[in-house]
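J.: how does the following fold in three dimensions:
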Amino acid sequence: LIFKYTHQGDLSCFLSAYFDPKSAQASKQEAKAYAEIALSLGIEATEGLFCTDVLGEAQAASKAGWKTVLLKRPGNAPLPPQHGFREATSLLDV
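T.: All right, here's what the predicted structure looks like:
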C-alpha cells in the first residue's frame with residue numbers, strides 16, 4: 001500500500017510484483033524469505049536491491065545476498081550506530 005498512496009499518486013503500476021511472508025513462506029526477518037523472492041523473480045540475490053526501514057529485515061536480506069539499504073523514515077525508532085548498512089531518507093537517494 002505504501003506505493004499506492006504517495007504524494008505523486010498511485011505508483012503501484014510501476015511494480016511488477018509484491019511479496020509478503022506468506023508468499024515467501026518465511027518470516028521477513030529470515031534469509032530464506034529473500035532467497036525465495038530472488039528465485040521467484042528469476043534473479044540471483046546479488047542482483048537485487050532491498051530497501052527497508054526495519055533492521056532485522058535488512059540483516060536477513062543481506063544474509064541472503066541482496067544489496068540492502070536502510071530507509072530512515074520519520075517516526076521510526078532510531079537505528080543503532082554502526083549497523084553496517086547504507087542509509088537513505090528517500091528512494092531518490094537510492
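J.: for the helix ranked longest in the chain, give the mean pLDDT please.
T.: Counting residues, the longest helix found in the chain (DSSP state H) is helix 31-41. Helix 31-41 shows a mean pLDDT of 91.
J.: correct me if wrong: Asp26 contacts Ile37.
T.: Rather than Asp, residue 26 is Ala. No. Counting by C-beta atoms under 8 Å, Ala26 stays clear of Ile37, with 9.5 Å between them. (C-beta placed from N, C-alpha, C; glycine too.)
J.: neighbour-wise, which of those two wins?
T.: Taking neighbours as other C-beta atoms under 10 Å, Ala26 and Ile37 compare with Ile37 leading, 21 against 17.
J.: what's the local residue count around the closest residue to the more buried one other than its chain neighbours?
T.: In this structure, Ile37 finds its nearest non-sequential neighbour in Phe19, 5.0 Å apart by C-beta to C-beta, 6 or more residues apart in numbering. For Phe19, the count of nearby residues is 14 (other C-beta under 10 Å).
J.: what do you get for Ala64?
T.: With other C-beta under 10 Å as criterion, Ala64 counts 21.
J.: just the CA atoms of stretch 7-23, as CSV, please.
T.: Taking Å, rounded to 0.1, in the frame of the first residue of the first chain, the C-alpha atoms of stretch 7-23 are listed here in CSV:
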residue,chain,number,x,y,z
HIS,A,7,2.3,12.5,-2.8
GLN,A,8,2.8,11.7,-6.6
GLY,A,9,-0.3,9.5,-6.7
ASP,A,10,-0.6,5.7,-7.3
LEU,A,11,2.9,4.3,-8.2
SER,A,12,1.9,0.7,-7.9
CYS,A,13,1.6,0.4,-11.7
PHE,A,14,5.4,0.6,-11.8
LEU,A,15,5.8,-2.5,-9.7
SER,A,16,5.8,-6.0,-11.3
ALA,A,17,5.3,-8.0,-8.1
TYR,A,18,4.5,-7.8,-4.4
PHE,A,19,5.9,-10.2,-1.8
ASP,A,20,4.9,-10.9,1.8
PRO,A,21,5.8,-13.5,4.3
LYS,A,22,3.0,-15.8,3.1
SER,A,23,4.2,-15.8,-0.5
